[in-house]
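Participant: Sequence below, structure please.
(chains A and B)
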2 protein chains.
Amino acid sequence: MIRSFCGVDLGGTTINMGIVTDNGQVVLEKQVLSHVDRGADYVVDQIVATVHDFMRQGKQKYDLCGLGIGVAGLVDSKNGLLRQAANFPKWIDVPLTSLLSRRLNLRVTLENDANVAALGEYRYGAGVGCPFMMMVTLGTGVGSGLILNGEIYRGANGVAGEFGHITIDYNGERCACGRKGCVEAYVGTRGILREAESMCREYPQSSLVAINQASLTPKIIYEHACAGDEAAIKVFERVGQLLGIGLGNVVNLLDIQQIIVGGGVAMAGDLIINSARLKLQESALDLGKEPPRIAKARLGSGAGVIGAATLAMTMDCS
Amino acid sequence: MIRSFCGVDLGGTTINMGIVTDNGQVVLEKQVLSHVDRGADYVVDQIVATVHDFMRQGKQKYDLCGLGIGVAGLVDSKNGLLRQAANFPKWIDVPLTSLLSRRLNLRVTLENDANVAALGEYRYGAGVGCPFMMMVTLGTGVGSGLILNGEIYRGANGVAGEFGHITIDYNGERCACGRKGCVEAYVGTRGILREAESMCREYPQSSLVAINQASLTPKIIYEHACAGDEAAIKVFERVGQLLGIGLGNVVNLLDIQQIIVGGGVAMAGDLIINSARLKLQESALDLGKEPPRIAKARLGSGAGVIGAATLAMTMDCS
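Facilitator: Purely as a prediction, here's the structure:
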C-alpha cells in the first residue's frame, strides 16, 4: 500500500479533491459542486462520499493517512474551526475537522487557503529549499501565506499574512478595506483597472481606449499587452513596481529568501514579475545577504489540493 | 549557589555587564570603557576580567551558567560571529563567542542588540505573556527586534527586523538609507527635526522658532512640548501617527499582539505612543482578534544587560 493523503480545496462553488502520495503526486482527482447553501452537513457528506469513491477506485492500493482542507476564510486551525468565510455566509464556527474525522476515522486538518498554497509550493513547488518564503496570490484581492522556519506562520490569532493590507503610501489610493495605500489598492483587480484608466489618458493612441471601461478586465489588458500595446504593458509594469515596493517591506522586516507569485492575475506573470523584481532589488536593504528571489508558482490550479494534502502530511509527521 | 547568567551589552564606548539571576534580577553590575580601537583581544580581556571580578565579588554565591552578549551590528548568531558593526569599524567576522567561551569555559551566545532587548522585554519586561511581539527602539535610527512564537526571529540570513526600513510612502521623504518613505525617515531623529522645522513654519508663534535650527534636538522639542508649546506637541503627535502606520503594516502582516517602544526618543513616550496607538487602531485590520497593544519598555537602560543574560538562559535551556 502507498502512503497517501487526501487534499480538499473547499471553495464557494466547487470542492476540488485529490489523493496525493508522499512525493506530491496527485494520483486521483475529483471535482464536485459545493452547494454551500445546503449547509455544512451536506458539504461534509460530499467530502466523505468522495473519499469513499477514491478508496474504491484505488482498490486498496492507497493507505490513506490523513486529510487536509484549505478554505478561503478565517480559520482557527488549532481547534479545527471555520470561523467565518465570505463564500459561506451562514457558516459560523463550523467544526469541520471533527465533523470529518468522526465520519472518516482519519486525522483531519483545516487551514486558510493562502497558507495551504504556500505550504504546497514550499514542499513541492517553487519554494523547495526555501524555509523563509511568502506566497502571494494575485486576483481580485491580494492573498498571502508565510512560511517561516519551514512552517506555516499563523501569528497570535491565526490571522497573519495580510500582505495585501500593508500600506505603501499612507496618503495613497483608497483600498476596498477602507484604508489608504494598501498593496491591494494597487495590485488587486481594482488597482489594475484604475491604472489602465490613467494610462488611457496618458496614451490616447492605446488600443485599450476603444474598449468600454466597464467591460475592461486584467485579462483583456493582458491580451493587449501581449499584442504590443504600450499602455497595456505599462499598466503591468507599474503594478509590478508597486508589488515590488510592498515585497521590499516584507523582505526588510522578515529577511525572507523567496517570494512566489500565483493566482489569476499572475498569468501576466513575466510582465509583473520582472518589474517587481527590479523594484524589489532597490527596495530591499543590502545587508550582505543573498538577494531575495521572485518566482512564479509551479503548482498552478492543483495548488489547493496538493497544498491541503501536504498539510495533512505535515501533521502526520508532527 | 544561585543559578545566574552574565549579560554583556557591548557598545562602541562602554561595555555594560551584569550578573542576572534566573528571575531577571541584576545582582552585580559594572561598566568599563570598551577601547574598541585596541582590537577584539583587548575587549575580550576586559570582559573576562570583569567576569572574574564578579565571581570574586559574589564569593561563590553565584553559579554562572552562561554568558550572553548583545552588540549593535550584523551578527551571525549561529556561528557566534560579529560580522560587521558601525561602532567597530575594523572588526570583520570576529568569532567573539569562541574567543570568550575558551577563556571562561562557559557557554557564550552572541546576538544583535535589538533582538536582545526584545528578548529581555519578552521575558522580564513589558512583553511578558506576549509570544508574538516587536520591540521598537527609537533613536537616531529606528531599530527593532521580533519575538515570534516566543523566540527571537532572525530570518533566512539573520538580518530580519528592519522595521525602520519598511516604506509607508514610496514617494515620501528620503531616508538615510537612500530609499524613500522609510519609517525611519519620519520617526528617527532626522525625521523629528524635519517635522519640527515644518511645524515652525506653520506655527510662527511657537517657542521653538527662537531656537537655532542647528542646535535643535528631539530632547529640546520634548521640553517645549512639556511646557505646552503647541507646535512641539504636534511634532510628536505627527511622528506617533507615522509610527502607528508603520506598526499597522507589521500587525497586518504578522498578527503580533504587542509592540514595545523603547530608546532615547521614547522619553517623549506618552505623546508619541498615544498618537501611535490611535493610528494603529485605524491601520490594523479588524479580523475579530484582540487589538494589538503598544506599551513602553520597562527594562530601561538595563535592557541590554538583562536581555543578554536572558539570551544565555534561553540557550541554557535549549
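Participant: could you pull out the strands for chain A?
Facilitator: Secondary structure of chain A, counting by DSSP state E: strands at A:2-10, A:14-21, A:26-33, A:62-71, A:74-76, A:81-84, A:108-112, A:133-138, A:142-148, A:151-152, A:258-262, A:293-296.
Participant: I figured A:Ile166 hits B:Val251, correct?
Facilitator: No - A:Ile166 is beyond contact range of B:Val251, at 9.4 Å (criterion: Cβ atoms under 8 Å). Just so you know, the C-beta spots here come from the backbone N, C-alpha and C atoms, and that holds for glycine as well.
Participant: Residues of the stretch 201-318 of chain A that sit close to chain B?
Facilitator: For the stretch 201-318 of chain A, the residues in contact with chain B (Cβ under 8 Å from any Cβ of the partner chain) are A:242, A:245, A:248-250, A:252-257, A:282-283, A:285, A:287-290.
Participant: how much space between A:Gly188 and chain B?
Facilitator: Computed as Cβ to the nearest Cβ, to the nearest Å, the A:Gly188 to chain B distance reads 15 Å.
Participant: check contacts around that residue.
Facilitator: By Cβ atoms under 8 Å, 6 or more residues apart in numbering or on different chains, the residues touching A:Gly188 are A:138-142, A:164, A:176.
Participant: now do 7 Å
Facilitator: The neighbours of A:Gly188, taking Cβ atoms under 7 Å, 6 or more residues apart in numbering or on different chains as the test, are A:140-142, A:164.
Participant: what's the answer for A:Tyr124, then?
Facilitator: Per Cβ under 7 Å, 6+ apart, neighbours of A:Tyr124: A:24, A:299, A:306, A:310.
Participant: hmm, 8 Å instead?
Facilitator: Contacts of A:Tyr124 (Cβ under 8 Å, 6+ apart): A:24, A:298-299, A:306, A:310.
Participant: got it, and A:Gly150?
Facilitator: For A:Gly150, the contact set (Cβ under 8 Å, 6+ apart) comprises A:122, A:131.
Participant: I'd like the distance between the closest residue to A:Asn249 other than its chain neighbours and A:Leu285.
Facilitator: Nearest residue to A:Asn249, sequence neighbours excluded (Cβ to Cβ, 6 or more residues apart in numbering or on different chains): B:Ile166, at 4.0 Å. Distance, B:Ile166 to A:Leu285, by Cβ to Cβ, to the nearest Å: 10 Å.
Participant: Which one's more surrounded, those two?
Facilitator: B:Ile166 (29 against 18; other Cβ atoms under 10 Å in any protein chain shown).
Participant: What segments of chain A are helices?
Facilitator: Remark: helices assigned in chain A by DSSP state H are A:40-58, A:96-104, A:113-124, A:183-187, A:189-202, A:218-226, A:230-254, A:269-283, A:303-317.
Participant: CSV for the ones you listed, including mean pLDDT and distance to B:Ser275?
Facilitator: Listed next are those as CSV, based on pLDDT from 0 to 100; distance: least, Cβ to Cβ, whole Å:
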stretch, mean pLDDT, distance to B:Ser275
helix A:40-58, 93, 45
helix A:96-104, 95, 42
helix A:113-124, 95, 33
helix A:183-187, 95, 24
helix A:189-202, 94, 29
helix A:218-226, 92, 39
helix A:230-254, 96, 22
helix A:269-283, 90, 27
helix A:303-317, 88, 41
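Participant: sorry, back to before: return the most buried member of the strands of chain A.
Facilitator: Among the strands of chain A, strand A:133-138 has the highest mean neighbour count (mean count of other Cβ atoms under 10 Å in any protein chain shown), at a mean of 28.
Participant: and that one, what does it pack onto?
Facilitator: Under the contact definition 3 or more Cβ pairs under 8 Å, 6 or more residues apart in numbering or on different chains; DSSP states H and E, strand A:133-138 sits against helix A:113-124, strand A:142-148, helix A:230-254, strand A:258-262.
Participant: Partner strands of the shortest one and their direction?
Facilitator: Looking back up the chat, that one is strand A:258-262. Strand partners for strand A:258-262, identified by DSSP bridges, are recorded as strand A:133-138 (parallel), strand A:293-296 (parallel).
Participant: Present those strands as TSV; the columns should include mean pLDDT.
Facilitator: Formatted as TSV, the strands paired with strand A:258-262 follow (pLDDT from 0 to 100):
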stretch	mean pLDDT
strand A:133-138	94
strand A:293-296	94
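Participant: In the stretch 101-250 of chain A, which residue sits nearest chain B?
Facilitator: Per Cβ to the nearest Cβ, the residue of the stretch 101-250 of chain A with the smallest distance to chain B is A:Gly155, at 2.5 Å.
Participant: For that residue, which non-adjacent residue is closest in space?
Facilitator: A:Gly155 sits nearest to B:Asp255 (Cβ to Cβ, 6+ apart), 2.5 Å away.
Participant: ditto for A:Gly244
Facilitator: A:Lys279 (2.7 Å).
Participant: Pull the contacting residues for that neighbour.
Facilitator: A:240-245, A:247-248.
Participant: one more time with 6 Å
Facilitator: A:Lys279 makes contact with A:241, A:244-245, according to Cβ atoms under 6 Å, 6 or more residues apart in numbering or on different chains.
Participant: quick one: which of these is most hemmed in?
Facilitator: Highest neighbour count within those, by other Cβ under 10 Å: A:Gly244, with 28 neighbours.
Participant: Need the contacts of A:Gly188 in a markdown table (columns: distance to A:Ile294 and pLDDT).
Facilitator: Below are the contacts of A:Gly188 laid out as a markdown table (distance: Cβ to Cβ, whole Å; pLDDT from 0 to 100):
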| residue | distance to A:Ile294 | pLDDT |
| --- | --- | --- |
| A:Thr140 | 21 | 84 |
| A:Gly141 | 19 | 87 |
| A:Val142 | 15 | 91 |
| A:Gly164 | 17 | 95 |
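Participant: which pair in the contacts of A:Tyr124 spans the largest distance?
Facilitator: Farthest apart among those by Cβ to Cβ are A:Arg298 and A:Thr310. That separation is 13.3 Å.
Participant: okay, those two: which has more neighbours?
Facilitator: A count of neighbours by other Cβ under 10 Å puts A:Thr310 above the other of A:Arg298 and A:Thr310, at 29 against 17.
Participant: Could you double-check that that one lies in contact with A:Gly120?
Facilitator: Yes - A:Thr310 lies in contact with A:Gly120 (Cβ atoms under 6 Å); the separation is 5.1 Å.
Participant: what about stretch A:91-110, start to end distance?
Facilitator: 15 Å (Cα to Cα, to the nearest Å).
Participant: correction: stretch A:165-175
Facilitator: Start and end residues of stretch A:165-175 are separated by 8 Å (Cα to Cα).
Participant: buried ones in that stretch?
Facilitator: Of the residues in stretch A:165-175, A:165-170, A:172-173, A:175 count as buried by neighbour count, 16 or more other Cβ atoms under 10 Å in any protein chain shown.
Participant: what residues does it touch?
Facilitator: By Cβ under 6 Å, 6+ apart, stretch A:165-175 touches A:177, A:180-185, A:245-246, A:249, B:167-170, B:245, B:249, B:252-253, B:285.
Participant: Just give me how far it sits from the chain centre.
Facilitator: Remark: stretch A:165-175 is offset 21 Å from the chain centroid, using Cα atoms, centre = their mean, to the nearest Å.
Participant: that older thread, any common contacting residues for B:Ile166 and A:Leu285?
Facilitator: A:Asn252.
Participant: if I pick the closest residue to A:Ile19 other than its chain neighbours, what's in contact with it?
Facilitator: Nearest residue to A:Ile19, sequence neighbours excluded (Cβ to Cβ, 6+ apart): A:Leu28, at 4.2 Å. A:Leu28 makes contacts with A:19, A:54, A:57, as judged by Cβ under 6 Å, 6+ apart.
Participant: Residue numbers of the stretch 1-150 of chain A in contact with chain B?
Facilitator: Proximity of the stretch 1-150 of chain A to chain B is confined to A:Phe132 under the rule Cβ under 6 Å from any Cβ of the partner chain.
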